[in-house]
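Novice: Dropping the sequence and predicted coords here.
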Amino acid sequence: MCEVGVSTATSLQYNRTEYDLQYILIIADLTCEGTDGFLVKASKEGYFKAPYRWLLLNYEDDDTALADADILVDSDVVLVKRISDQEYWFIEAYKISETSKIIHTKRLIWRSNNRKVDENTRINITSFDQPNSENTDLAQYQFDDTKNTGLGVPTSTNTVSKVTVTKYGWMEDYRSSNVLSSRRYLHQDCITKMSYAVVSICFHMLNATERLLFTHTWGYKDKNGQWQGIVDHLLKKDADLGTLTIFTQERMDVVDYIAMVGTTAVRFVFREPPLSYISNIFTLPFSGTVWLAIFICVLGCSIFLYIASRWEASMGMHPLQLDGSWADVLILIIGAVLQQGCTLEPRYGAGRCVTLILFIALTVLYAAYSANIVVLLRAPSSSVRSLPDLLNSPLKLGASDFEYNRYFFKLILCVFLSDHVMILQGYRLIQETYQEDEKCDLVEIDYINEIDPWVPGQKRSPFKDLFKIKITIRQQKRILADSDHIPFRH
């Protein structure tokens, strides 16, 4: 093989999943001594999983050597059967599960050019249009779909349901009611119901039988470092798929994320508070420069009135005339600012012109100020747009007691013990209780800043590609185009 430019080796590095491994072909001769043990060892170390490819020579319709090997649907194992010196059959072999029988599928037939054939049938390779390793008829296999519903055992679903309250919130007893596919209590466990709607179709497309497992949490490590919930079921291979789960670095090391089946988010949702609840509205009608200009104008008028009143006092006095002191000028200015007037006034033209200008200017400013106050009293505040704003605001907040809340608040925002709500769940309740004008004031603040959750599966599961393909087909064909919006519909 080296003579034709094909690199060969007698050993292989330990099991890896790098992209370049798909170009490696492992060849073994079934007639050689020790091949059975070699195949079993390779199976235990994961070399029959994708992307490794196998070519087993001298197959004689005896599956003893492959009986203990985990050649599941993601494997690429081809058996070479010798029919004659001029004809070889390439047969693909795989199992539906570790305990099922080996399924054989002819991939192609190789014939030598020297073999005598009819002129109309001269061909070297014959392909067979038969199912290959991506065969999706999995009727012999039961898939376990883990759901986060506060329960912990596989159950049947055929009697009346019960609703109980646990520390994780309202939990409906899925063991006694077929509520996963119903439209009851859409705002409760909406993530579980959305996941089940998609995964159930995926199982149907694979012709597989589902078996449900229930647990109380998505999957976090306890104080002993042991995984709980969905992740624990996936690690123990009790389940193949789980409910939509948020990405974390720890989870990515132990499970594979299959696909995104819907969009959701965990955010702070609140009505914009009135501006008067957040700020002092009496200083807001005018900007700082306007207030400064008003002060300078009043101060200038006061100085001019003082000078004018002193001059008028030197010319003569009258009972209703300013006496030329600062006290009389101050009383006149206060009366003008408060729109109350004053019994004392200048007697000559210069002082009266200044007084007239002062009263007109302050009257216009008073009207503008009053109009702005009325608008600000009805205006919502737009100052709460980030987590620090939310923390420093006088809003009273609360948080849903979910496991992921405890995890992320402790991990990221241990000092921000603030409110959050799941979008699908929260907006369902808002739709049923809020008036239309109240919905316009709703504001969202994201505190996790994560991408949308995906469906988790076993690490390097043999069914990973099948699940991903079927879920993608569901999305492309829009079989459940409205499934993502189920919680919002009546």
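Specialist: In hand now; what should we look at? Numbering: from 1, shown residues only.

Novice: can you confirm Leu213 is in a strand?
Specialist: Yes: following the definition DSSP: H, G, I helix; E, B strand; the rest coil, Leu213 is counted among the residues of a strand.

Novice: is it true that it touches His233?
Specialist: Yes: the pair Leu213 and His233 qualifies as a contact (Cβ atoms under 8 Å) at a distance of 5.8 Å. Backbone N, C-alpha and C define where each C-beta goes, glycine included.

Novice: So for those two, which sits in the more crowded spot?
Specialist: His233 (25 against 19; other Cβ atoms under 10 Å).

Novice: For that one, which non-adjacent residue is closest in space?
Specialist: Counting by Cβ to Cβ, 6 or more residues apart in numbering, Ala239 is the residue found nearest to His233 once chain neighbours are left out, at 4.0 Å.

Novice: The one you found contacts Leu213, correct?
Specialist: Yes: at 5.4 Å, Ala239 counts as touching Leu213 under the criterion of Cβ under 8 Å.

Novice: related to what we said a few turns ago, mind checking the backbone torsions on the residue nearest to His233?
Specialist: In this entry, Ala239 is assigned phi and psi values of phi -130, psi 160 (degrees, to the nearest 10).

Novice: these two touch, right, Lys464 and Gly457?
Specialist: Yes: Lys464 lies in contact with Gly457 (Cβ under 8 Å); the separation is 5.8 Å.

Novice: next structured bit after the longest helix along the chain?
Specialist: Ranked by residue count, the top helix of the chain under DSSP state H comes out as helix 349-378. Note on helix 349-378: by DSSP states H and E, the next helix or strand toward the C-terminus is helix 387-392.

Novice: Flag every buried residue along that next one.
Specialist: Going by neighbour count (16 or more other Cβ atoms under 10 Å), the buried part of helix 387-392 is Leu387, Leu390.

Novice: All the helices of the stretch 201-350 of the chain, in order from the start?
Specialist: For the stretch 201-350 of the chain, the helices defined by DSSP state H, counting those that start in this stretch cover 229-235, 249-252, 275-278, 288-315, 326-337, 349-378.

Novice: mind listing what's buried in whatever helix or strand Val77 lives in?
Specialist: Assignment of secondary structure by DSSP H and E places Val77 within strand 76-84. Buried residues in strand 76-84, defined by neighbour count with 16+ other Cβ under 10 Å: Asp76, Val77, Val78, Leu79, Val80, Lys81.

Novice: any idea of the mean pLDDT for that strand?
Specialist: pLDDT averaged over strand 76-84 equals 92, rounded to a whole number.

Novice: and the next element down the chain from that strand?
Specialist: Of the helices and strands lying after strand 76-84 in sequence (DSSP H and E), the nearest is strand 87-94.

Novice: Does anything pack onto that following strand? Which helices or strands?
Specialist: strand 76-84, strand 103-111 (3 or more Cβ pairs under 8 Å, 6 or more residues apart in numbering; DSSP states H and E).
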